[in-house]
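Peer 1: Next come a sequence and a model predicted from it.
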Amino acid sequence: MKVIGVLLGVTLSALALGAQSPRYDLVITGGTVIDGSGSRGRRADVAIAKGRIVAVGEIVRAEAREILDVTGMIVAPGFIDVHTHADEVWERPRAENFVKMGVTTIVAGNCGGSADDVAASFARFEQTPASVNFSTLIGHNTVRRAVMGTENRLPTIGEMARMKTLVWKAMADGAVGFSTGLQYVPGTYSKTPEIIELARVAANAGGLYASHMRNEGTQLEASIEETLRIGRMTGARVQISHLKVDSPNRWGASTKALEMIDAARAKGIDVVADQYAYTAASSTLGIRFPSWVLEGGQTKLSERLNDAETWARIKEEMRGLLAERGLEDLSFARIASYRSDPTLNGLSIREVAQKKGDGSPGAQLEVAREMMLAGGASMVYHFMSDEDVQRIMKHPHVGFASDSGVLAFGSGVPHPRGYGNNARVLGEYVRHRKVISLEEAIRKMTSLPARHFHFADRGFVRERYAADLVIFDPATVADGATFERPHGYPVGIPHVLVNGVLVVKDGEHTGKTPGQGVTAAKVPKGSKGFQGVPGGSRRFQRF
Ligand SMILES: [Zn+2]
């Protein structure tokens, strides 16, 4: 990585001349600024003082304490990754997989899973700050589990009130919204009115509603409809998480999905989506099982899987679930991380079954059963089409997000998106395939999420904005992580700054941890002209 920096003539020099202290802490010179708005790049220097961008244009070098020459490079706002699972970022505060792909702000608490105490999370972050800025949602599954365990039923009025209190408290403590993961236990047991009630609490506090929807394939349209209804009923801004079509027999349904988003926007629902630029997803192994099988935790699950009659029924339902999606077996399912036998990491379920002598669909289901009995696994699922990925990418209201946690370099065989998502967009989809322009890609990684999440002073290269910046070479930027070898950092991104501090310099992590806790700006509800449904929340309180 150092070599790249040297080849491109990047130099860093200190100019602490004269008696007067310089006006700027750092001036980035010689680059082309693409400011995040979507407009074309222009040659400009960027001056930074006290963690903020204080001038953009032609800047007198003598006024700089330090100069970073980035001739030939793009200077863009730091990328904002609104869909992460970096809930315990302080455990690996360097957040190396994020910063090395240009991500400077992450949002945790997605897919319904978050810290249960948001105030404690921010306190923890302050104690052990990270190299990235940190923000979080409050998760439905977290709140529901705290109040109702993993029970498969509707909440009582009392339980509903307790869940609302937890969401309210999280919002007061700085959460930026409420997330659901309706494909997971226990969120999968909830009905729409419950979510409306809880999302409204977040909306009334200025928060948005982010959803990993109930279904992203066979029931994609119905799931989008539910998500949009929740936006309509609560007035919440809506974020459709990792928008995709995950069933081969539904490939092409992205056209309809995007039409639904357009129609909703035309009616005043402020809905956007995010995606990762890959044709494979990553999730738990449990998601492949009927949700009733997972109710009550590992003991109950084991009982069901160990009962011959129940297992026969589960197998039948699993076959049905696969067939419904146009899939014949589990060869699309690859093991990312299997604690009880890490030697299987990287293999598909079919390959594991073959190793045992019989690769038939039936034998694959037996492998899945054994793995669930041994505690489950995280998986990579290859079941999308690149046509859908590209169509979704071209939509102006879809941004990019990795869906990743902070990764431990070398551990397991995770989805490569956690190392490469943004770099892959810039290298593969912008430079090679020309699916979208560079300016548009950057807008989708910066101002689009900043506006939607109400991060008031991030997402643009502008005066008074936080000096979160990524400096990359548009001719060489590329992801370095593949499905086979996911532990690889991108190339062509030599410098990354967070709050004015270089966290990546000449391609190397500097060890600095200038990340800040980020909460949303307080914007009065309805300020964009949209008024929520009047009548308060009582209407939906029947359970
Ligand atoms: Zn998700």
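Peer 2: All right, it came through fine.
Peer 1: Check the burial of Glu151 by counting its neighbours.
Peer 2: 16 (other C-beta atoms under 10 Å). (Each C-beta comes from the backbone N, C-alpha and C, glycine too.)
Peer 1: Surely it touches Val185?
Peer 2: No - taking contacts as C-beta atoms under 8 Å, Glu151 lies outside contact range of Val185: 9.9 Å.
Peer 1: Need the overlap of contacts for those two.
Peer 2: Common neighbours of Glu151 and Val185, counting by C-beta atoms under 8 Å, 6 or more residues apart in numbering, are Glu295.
Peer 1: Quick check: closest non-adjacent residue to the residue of the stretch 1-150 of the chain found nearest the ion.
Peer 2: The nearest approach of the stretch 1-150 of the chain to the ion comes at Cys111, 3.4 Å away (C-beta to the ion). Spatial nearest neighbour of Cys111, chain neighbours left out: Gly181 (3.6 Å); criterion: C-beta to C-beta, 6 or more residues apart in numbering.
Peer 1: On the pLDDT front, check the closest residue to Tyr489 other than its chain neighbours for me.
Peer 2: Using C-beta to C-beta, 6+ apart and skipping residues adjacent in sequence, the residue nearest Tyr489 is Lys100, 4.5 Å away. Per-residue confidence at Lys100 stands at 98 (pLDDT).
Peer 1: what's the answer for Leu327, then?
Peer 2: pLDDT, Leu327: 92.
Peer 1: So what's the residue count around it?
Peer 2: When neighbours are counted by other C-beta under 10 Å, Leu327 comes out with 20.
Peer 1: Quick check, it in contact with Asp246.
Peer 2: No - the criterion here is C-beta under 8 Å, and Leu327 misses it with Asp246 at 10.1 Å.
Peer 1: what sits in contact with each of the two?
Peer 2: Phe383.
Peer 1: Show me which residues of the protein sit near the ion.
Peer 2: Cys111, His212 (C-beta under 5 Å from the ion).
Peer 1: Where does pLDDT dip in the chain?
Peer 2: For the chain, the stretches with pLDDT under 70 are 1-20, 522-543.
Peer 1: ok so, going back, residue contacts, the residue nearest to Cys111?
Peer 2: Contacts of Gly181 (C-beta under 8 Å, 6+ apart): Asn110, Cys111, Gly112, Gly113, Gly139, His140, Asn141, Gly187, His212.
Peer 1: taking the residues you listed one by one, which sit in helices?
Peer 2: Members of these lying in helices (criterion: DSSP state H): His140, Asn141.
Peer 1: How about residues contacting stretch 38-50?
Peer 2: Residues contacting stretch 38-50 (C-beta under 8 Å, 6+ apart): 23-34, 53-59, 63-64, 74-75, 438-440, 442-443, 447, 461, 467, 469, 497, 500.
Peer 1: Just the buried ones from those residues, in PyMOL syntax?
Peer 2: Per 16 or more other C-beta atoms under 10 Å, the buried members of the contacts of stretch 38-50 correspond to this PyMOL selection:
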select buried, resi 23+24+25+26+27+28+29+30+31+32+33+34+53+54+55+56+59+63+64+74+75+438+439+440+442+443+447+461+467+469+497+500
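Peer 1: From the contacts of stretch 38-50, which land in strands?
Peer 2: 26-29, 32-33, 53-57, 74-75, 469, 497 (DSSP state E).
Peer 1: and Ile80, that one's in a strand?
Peer 2: Yes - per DSSP: H, G, I helix; E, B strand; the rest coil, Ile80 lies within a strand segment.
Peer 1: my guess is it meets Gly102, correct?
Peer 2: No - with contacts counted by C-beta under 8 Å, Ile80 stays clear of Gly102, the gap being 10.1 Å.
Peer 1: Need the overlap of contacts for those two.
Peer 2: Met445.
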